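Asker: Mind folding the following:
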Amino acid sequence: MSHTSAVIAINKTTHAVSTVHANHAVKSFSQHSSGEAFWVQSTGKAYHGDTRDWVNPDVQFFNAAGATSFTRGLSYGAEFYKARLHAVGYH
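Answerer: Sure thing, here's the model as predicted:
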């Protein structure tokens, strides 16, 4: 779960809350069972001449240890607000 100043995890059994990343303006956060994760974080900058400063042209990826792994955007100028992990065999 993300909110204004951090990404937090909530244990479904104990309801304990822990901070995963203490970064602000994270709009979405997803983590694979392997520990690898990614997020979209607002940059506060407007892109393509509009006023949407809550988007980002890139998605940030992290390795299982939580360190920055790589950043990826799309060549045609897409802007991301939310990103989710989709696994076809999940359900």
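
Asker: Pull out the buried residues from stretch 7-19.
Answerer: residue 7 (16 or more other CB atoms under 10 Å). No exception for glycine: its C-beta is placed from N, CA and C like everyone else's.

Asker: centre of the chain versus it, how much separation?
Answerer: From the chain centre to the centre of stretch 7-19 is a distance of 17 Å (CA atoms, centre = their mean, to the nearest Å).

Asker: what does it rub up against?
Answerer: Here stretch 7-19 makes contact (CB atoms under 8 Å, 6 or more residues apart in numbering) with 1-2, 6, 20-21, 23, 26, 29, 39.

Asker: First-to-last residue distance for that stretch?
Answerer: 6 Å (CA to CA, to the nearest Å).

Asker: pLDDT averaged over that stretch - what is it?
Answerer: Stretch 7-19 shows a mean pLDDT of 89.

Asker: Kindly report the same for stretch 73-91.
Answerer: 77.

Asker: just use 19 as the starting number from now, easier for me
Answerer: Yep, numbering from 19; the last one is stretch 91-109 now.

Asker: Buried residues, it. List them.
Answerer: Counting neighbours by 16+ other CB under 10 Å, stretch 91-109 gives 97-98, 101 as buried.

Asker: Closest one to residue 69 out of those, please.
Answerer: Nearest to residue 69 among those: residue 97, at 12.1 Å, using CB to CB.

Asker: Tell me which residues touch the most centrally placed residue in the chain, please.
Answerer: Centroid-nearest residue in the chain: residue 57, 1.4 Å away (criterion: CA atoms, centre = their mean). With contact set as CB under 8 Å, 6+ apart, residue 57 has these partners: 20, 25, 39, 44-48, 77-78, 80, 101.

Asker: Confidence-wise, which of those residues comes last?
Answerer: The member of these with the lowest pLDDT is residue 20, at 71.
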